[in-house]
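Asker: attaching a predicted model along with its sequence, questions to come.
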Amino acid sequence: MSESSAPLTWSHFNPVKVVVEAGALGHLQTFVPIEGKVLLVTTAGFSRRGLTARIIEMLGADRVLVYDQVTPNPEVDDLDDANIQFKSCQIRCVIALGGGSVMDTAKIIGVTLPSNLDRPLAQIFRNNLKNTWISRLPVVCIPTTSGTGAEVTPFATAWDSKDQKKYSVTGVEVYPTYALLDPELTLSLPKDDTLYTSLDAISHGLESLWNRNRTSLSSAFSMQALSLAVEALPVILSQPENLEKRGQMQQASMLAGMAISQTRTAIAHSISYPLTIHFGVPHGLACSFTLRELLKNNMDEIVTQPHERLVLVAVLNLLESLNLGEKIRGYLSAETIMDLQAEMETKGRADNFIGKMSHGLEELLNSSLN
């Protein structure tokens, strides 16, 4: 891949207003309608820790409805149940407080509540109903992790454990309205969660570079995201209270999200899906354990400027230091991973990859696991 491989004709659209500020949560009322019901989407953990109560106090108990049943990898049936639960409540705005699963849930609710479909996700994904989202509720995303970049993307993931499938809810209407990046909210994130979500952001940055949909702007987002992440992640793993580096990692995640909004992801994510669907491997780990080998194989292909090589070499050194092959073998054996190869080439992801894989998927997996 050379600099000329980025298309000369392209467009870019991202309607999300991003606010970056320590303490941004305190200004939440600025970003929601003055009147009407507001739905807060979060997790039971945040409710236990008092953040739900804080938002209710800020906006008014008579206005805020709470859905705090979000779990990792939100399920089609649970999302349709939530749609039924709040359909008649005349919600004016949805607030997402949490990580990628919370933001995906809020974004999906934001388009399903205005829809007149009954159990819309089941109809679309299981019954193959053709549908285009035509309206949305305003969605305010407040990420508490630094990984998915879901606060600035036009897609959200729904999982169907019943049929062992992963689906994507996509479209312009799925974009959030606001993203409030408050690094104070990431300070309590445990070490493993910090690592795996950050690896997801690094994966997004790299996946956008070896991508057939790459543009000069998406590449700029990716390189800046990787530059920030490679500097911030080692520090916050050893100094989790470092607010400056937490903020840096949060911005890296957002920039990588801006990149994949243009390109979508590629082969590393395609490989990851059966690992998460069948064995519950954390998404950030599942989509990053192959990055070291992919980057080794494609360094020369994705570099367009000398300074980019310095960044990518630093990323490679970081990946080599993390022993991701050993970490993923804590969830399932190398033999089991190899047995999943037939499910790892997902249409719309694997075919975005325009780099090289040395001697093929089997060799990539073998090298990545060692």
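Answerer: Structure received. For clarity, every value in this text was computed on a predicted model and none was experimentally measured.

Asker: packing partners of the top strand by length along the chain?
Answerer: If each strand of the chain is counted by residues according to DSSP state E, the longest one is strand 91-98. Helices and strands touching strand 91-98, by 3 or more C-beta pairs under 8 Å, 6 or more residues apart in numbering; DSSP states H and E, are strand 37-41, helix 51-59, helix 100-112, strand 139-143. Bear in mind the C-beta positions are built from the backbone N, C-alpha and C, glycine included.

Asker: give me the angle between it and strand 37-41.
Answerer: Relative orientation of strand 91-98 and strand 37-41, computed by axes from the mean of the first three to the mean of the last three C-alpha atoms, to 10 degrees: 20 degrees.

Asker: list the buried residues in strand 91-98.
Answerer: By 16 or more other C-beta atoms under 10 Å, the buried positions in strand 91-98 come out as 91, 92, 93, 94, 95, 96, 97, 98.

Asker: which ones are touching the second one?
Answerer: By C-beta atoms under 8 Å, 6 or more residues apart in numbering, residue 92 lies in contact with 32, 33, 35, 36, 37, 38, 137, 138.

Asker: dig out what the fifth one forms beta bridges with.
Answerer: Spelled out, it's residue 37. Beta-bridge partners recorded for residue 37 (DSSP bridges): residue 91.

Asker: nearest residue to the middle of this structure?
Answerer: Among the residues of the chain, the one closest to the centroid is residue 148, at 2.1 Å (C-alpha atoms, centre = their mean).

Asker: for residue 98, give me the pLDDT.
Answerer: We have a pLDDT of 97 for residue 98.

Asker: please tell me how far it sits from residue 253.
Answerer: Distance of residue 98 to residue 253, given as C-beta to C-beta, to the nearest Å: 14 Å.

Asker: what do those two both touch?
Answerer: Common neighbours of residue 98 and residue 253 (C-beta under 8 Å, 6+ apart) are 143, 145.

Asker: now the helices: where do they sit in the stretch 101-250 of the chain?
Answerer: Remark: helices assigned in the stretch 101-250 of the chain by DSSP state H, counting those that start in this stretch are 120-121, 191-209, 216-238, 243-263.

Asker: and the first one, what other elements does it pack with?
Answerer: Translated: helix 120-121. helix 76-86, helix 100-112.

Asker: ok, and what's touching that helix?
Answerer: By C-beta under 8 Å, 6+ apart, helix 120-121 touches 76, 79, 80, 83, 108, 112, 131, 158, 167, 169.

Asker: is the fifth one in contact with residue 74, as I believe?
Answerer: What that stands for is residue 108. Yes: between residue 108 and residue 74 there is a contact under C-beta atoms under 8 Å: 7.5 Å.

Asker: which residues do these two both contact?
Answerer: Between them, residue 108 and residue 74 share these contacting residues under C-beta under 8 Å, 6+ apart: residue 158.

Asker: please name the residues that touch residue 326.
Answerer: So residue 326 contacts nothing (C-beta under 8 Å, 6+ apart).

Asker: do residue 211 as well
Answerer: Residues near residue 211 by C-beta under 8 Å, 6+ apart: 218, 263, 264, 265, 266, 352, 353, 354.

Asker: same question, residue 172
Answerer: 13, 15, 154 are the contacts of residue 172 under C-beta under 8 Å, 6+ apart.

Asker: out of those, which is most surrounded?
Answerer: Neighbour counts for these peak at residue 154, which has 22 neighbours (criterion: other C-beta atoms under 10 Å).

Asker: any idea how far it lies from residue 345?
Answerer: Distance, residue 154 to residue 345, using C-beta to C-beta: 24 Å.

Asker: cool, and residue 249?
Answerer: Residue 249 is 31 Å from residue 345, where distance means C-beta to C-beta.

Asker: do residue 85 as well
Answerer: Residue 85 is 37 Å from residue 345, by C-beta to C-beta.

Asker: again with residue 29
Answerer: Look at residue 29 and residue 345: by C-beta to C-beta, they are 47 Å apart.

Asker: please apply the same query to residue 215.
Answerer: Using C-beta to C-beta, residue 215 is found at 25 Å from residue 345.

Asker: pick out whichever of the two has more residues nearby.
Answerer: Neighbour comparison, residue 215 and residue 345: the larger count goes to residue 215, with 20 against 14 (by other C-beta under 10 Å).

Asker: ok, that one touching residue 7?
Answerer: Yes: between residue 215 and residue 7 there is a contact at 6.4 Å, judged by C-beta under 8 Å.

Asker: that concludes my questions; thank you for your assistance.
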